[in-house]
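Asks: Pasting a predicted model and its sequence here:
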Amino acid sequence: MTQIYISVGSNTNREHHIRMAVLELSAAFGELSLSSVYESEAVGFRGDAFYNMVIGARTNRSVAECVTVFKAIEDKYGRVRGGEKFCGRTLDLDLLTYDHLVCDEPVELPRAEIVENAFVLWPLAEIAPDAQHPISKLSYQTLWQHYAKAQKIWPVPFQFGQ
């Protein structure tokens, strides 16, 4: 079984979409590790604030199969493709890591956003503090402790059982 981490984000009907992402990913992958839910300002464009979290799972699926599952879930919840790169999202699911794999195809792994965006790194450090970034070999907790970008992010109370 391969350990994967998935970034989850939404800024459109965000409570609903975060809940649906957890339900869909649980159905697809079984037991999940869930970070807290964080609210952050939109990065790269003007728009509504996002809810973000990171989910850990174990799988026998390939990288390509995981990405196909994520795209199908995004599409099911109204994800619009082919528009601007930086824009609002009903649901955004990104494979962050696939064990210690480093690759460019079918997707970039580890995903660059891990060290670039607080809304990815903080929740990842929360659920996998001792796991190591496949390239830097630093733990996610260490990377978060040394994160120096000024991005506004804060944890929000969130109930999944609704």
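Replies: That came through, no problem. Residues are numbered from 1 along each chain as shown.
Asks: Give the burial count for Val54, as a bare number.
Replies: 29 (other C-beta atoms under 10 Å). C-beta coordinates here come from the backbone N, C-alpha and C atoms, glycine included.
Asks: Sheet-wise, list the partners of whichever helix or strand it is part of with their directions.
Replies: Element membership for Val54, per DSSP states H and E: strand 50-59. Sheet pairing of strand 50-59 (DSSP bridges) gives strand 2-10 (antiparallel), strand 33-34 (antiparallel), strand 37-40 (antiparallel).
Asks: got the buried residues for it?
Replies: Neighbour-count burial for strand 50-59, with 16 or more other C-beta atoms under 10 Å as criterion, is recorded at 50-57, 59.
Asks: Of those residues, which is the nearest to His146?
Replies: Distance to His146 across the buried residues of strand 50-59 (C-beta to C-beta) is lowest for Val54, with 18.3 Å.
Asks: So what pairs up with that closest one in the strands?
Replies: Under the criterion used (DSSP bridges), Val54 bridges to Ser7.
Asks: Check the one 4 residues further on too.
Replies: Bridge pairing for Arg58 (DSSP bridges) gives the partners Gln3.
Asks: Confirm for me that it is in contact with Leu25.
Replies: No: checked against C-beta atoms under 8 Å, the pair Arg58 and Leu25 is beyond contact range at 11.9 Å.
Asks: now Lys152, nearest residue through space, not along the chain?
Replies: Closest residue in space to Lys152, ignoring its immediate chain neighbours: Glu41 at 5.1 Å, by C-beta to C-beta, 6 or more residues apart in numbering.
Asks: typo on my end, Val63
Replies: Nearest non-adjacent residue to Val63, counting by C-beta to C-beta, 6+ apart: Tyr98, 5.3 Å away.
Asks: Contacts only, for that neighbour.
Replies: Taking C-beta atoms under 8 Å, 6 or more residues apart in numbering as the contact definition, Tyr98 lies against 2, 4, 63, 66, 109.
Asks: can we see that at 7 Å?
Replies: 2, 4, 63, 109 (C-beta atoms under 7 Å, 6 or more residues apart in numbering).
Asks: hang on, the earlier thing: any idea of the mean pLDDT in the strand holding Val54?
Replies: Strand 50-59 shows an average pLDDT of 97 in the prediction.
Asks: quick one: the next helix or strand after it to strand 50-59, angle?
Replies: With elements assigned by DSSP H and E, the helix or strand that comes after strand 50-59 is helix 63-76. Interaxial angle of helix 63-76 relative to strand 50-59 (axes from the mean of the first three to the mean of the last three C-alpha atoms, to 10 degrees): 140 degrees.
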